[in-house]
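>>> Sharing a sequence plus its predicted fold:
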Amino acid sequence: MSDLLERLRGRGWRMTAQRRVVAEVLDGDHVHLTADEVHARAVTRLPEISRATVYNTLGEMVTLGEVIEVATDGRAKRYDPNAHRPHQHLVCGRCGAIRDVHPGGDPLADLPDTERFGFTISNVEVTYRGICPSCAGSA
Ligand SMILES: [Zn+2]
Ligand SMILES: [Zn+2]
């Protein structure tokens, strides 16, 4: 587990029932949910939780730096609780499964100065694309 709940508590974040449900839904490894997916799962635990509350809560977690936003599929933003260990994403082009991966080497250091055009680079996102084993098996 990614211990998101513990991290949020450690930041002194006031833990309401609604915030706890959002954090629980988002906690775990290889979790990359859209806000709508988080909401759909949250209502099964707390039926009265609104979409707006889920969106606001996700935004606050991002502001705290305990959740990161990722755009791996060019569609809706996804929320990722794995905010402290730098990682890249491996995406299945058929079912959309996403895995956190840790390539050897540093993708930022690997970009030569001549390719930086004077930019100060703050962050690198690499997406590896392919077909996951279960999609490959059903092909
Ligand atoms: Zn797949
Ligand atoms: Zn991730």
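The structure has been received and is ready for your questions. Numbers count the residues shown, from 1 in each chain. Ligands and ions are numbered 1, 2, ... in the order given.
>>> And the most centrally placed residue in the chain, its phi and psi?
Closest residue to the average C-alpha location of the chain: Asp80 at 1.6 Å, with CA atoms, centre = their mean. Torsion angles at Asp80 (phi, psi; degrees, to the nearest 10) stand at phi -130, psi 120.
>>> Beta-bridge partners for it, please?
Ile68 (DSSP bridges).
>>> Next up, the contacts around it.
Asp80 makes contact with Val31, His32, Val67, Ile68, Glu69, Val70, Asp100, according to CB atoms under 8 Å, 6 or more residues apart in numbering. In short, each C-beta sits where N, CA and C put it, glycine included.
>>> With Ala109 instead?
By CB under 8 Å, 6+ apart, Ala109 has no neighbours at all.
>>> Which helix or strand contains it?
Of the helices and strands defined by DSSP states H and E, none includes Ala109.
>>> Start the count at 536 instead of 1 going forward.
New numbering, starting at 536: the last item is Ala644.
>>> Could you tell me the per-residue confidence at it?
What the model reports as pLDDT for Ala644 is 88.
>>> re the thing from before, TSV please, covering the contacts of Asp615 and showing neighbour count and pLDDT.
Shown next, in TSV, are the contacts of Asp615 (neighbours: other CB atoms under 10 Å; pLDDT from 0 to 100):
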residue	neighbour count	pLDDT
Val566	21	93
His567	23	94
Val602	26	96
Ile603	17	93
Glu604	14	92
Val605	19	90
Asp635	18	94
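>>> Give me the mean pLDDT for the longest helix belonging to the chain.
Across the chain, the longest stretch assigned as helix under DSSP state H is helix 586-599. For helix 586-599, the mean pLDDT works out to 96.
>>> how about the residues of this structure that lie near ligand 2?
Proximity of the chain to ligand 2 (CB under 5 Å from the ion) is limited to residues Asp615, Asn617, Asp635.
>>> From ligand 2, how far off is the residue lying farthest from the centre of the chain?
Computed with CA atoms, centre = their mean, the residue of the chain farthest from its C-alpha average is Thr649, at 31.6 Å. Distance of Thr649 to ligand 2, computed by CB to the ion, to the nearest Å: 30 Å.
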